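# Dropping a prediction and its sequence here:
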Amino acid sequence: MWPRIGGLRTLALGTPGELRTTLNTLVLTGVKTATAGLLTEYAGEAEELEHVGERLALVDDRDALVGVVEVTGIEVVPFATVGWDFARSEGEGDRSIEEWRAGHAGYWARAGTPVTDDTEIVCIRFRLVSAGDGGIRTGDLGT
């Protein structure tokens, strides 16, 4: 199971360090409104897919809360059919769907899980609900 904060599942983007810090900053500034994951990760962790309306606790390298996002859309599609609209909403600076696919394939390969065109990808869209300078307390997570 993934860690919880105040009853919310956590959302730990990328890998710890510079990548996670960059991705969190993109979320907190409103640039990143989507993320992609591997469907196999859910099975491996005995987790259900997120659902529209679910709130997730965005965490940093120490699993400290940095923001709360709300899921606005979720879709599972083969890697080869992830669309440019979704890829662009990840806000990571890719200039084409081919660049997005190459970057994500490389990331997952380095993480030990190479993907093929048929690998099922969980595409999650979200909106930032709250963030900022320690102003988030567990009592605020559901509001």
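That came through fine.
# residues contacting His104?
Going by Cβ atoms under 8 Å, 6 or more residues apart in numbering, His104 touches Ala36, Phe79, Val115. C-beta here means a position set from N, CA and C on the backbone, and glycine is covered the same way.
# What score does the residue lying closest to the second one once chain neighbours are set aside have for pLDDT?
When the adjacent residues along the chain are set aside, Phe79 lies closest to Thr119, with 4.6 Å between them (Cβ to Cβ, 6 or more residues apart in numbering). Predicted confidence (pLDDT) at Thr119: the value is 98.
# Only C-alpha atoms, please: export the helix ranked longest in the chain in CSV.
Ranked by residue count and defined by DSSP state H, the top helix of the chain is helix 97-110. Output of helix 97-110 as CSV, limited to C-alpha atoms (Å, rounded to 0.1, in the frame of the first residue of the first chain):
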residue,chain,number,x,y,z
ILE,A,97,4.4,13.3,-28.4
GLU,A,98,7.5,11.5,-29.7
GLU,A,99,9.7,13.4,-27.3
TRP,A,100,7.3,12.6,-24.4
ARG,A,101,7.3,8.9,-25.3
ALA,A,102,11.1,8.7,-25.6
GLY,A,103,11.5,10.5,-22.2
HIS,A,104,9.0,8.4,-20.4
ALA,A,105,10.2,5.1,-21.9
GLY,A,106,13.8,6.1,-20.8
TYR,A,107,12.6,6.9,-17.3
TRP,A,108,10.8,3.7,-16.8
ALA,A,109,13.6,1.7,-18.4
ARG,A,110,16.1,3.3,-15.9
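# Contacts only, for Arg88.
Neighbour list for Arg88: Asp94 [criterion: Cβ under 8 Å, 6+ apart].
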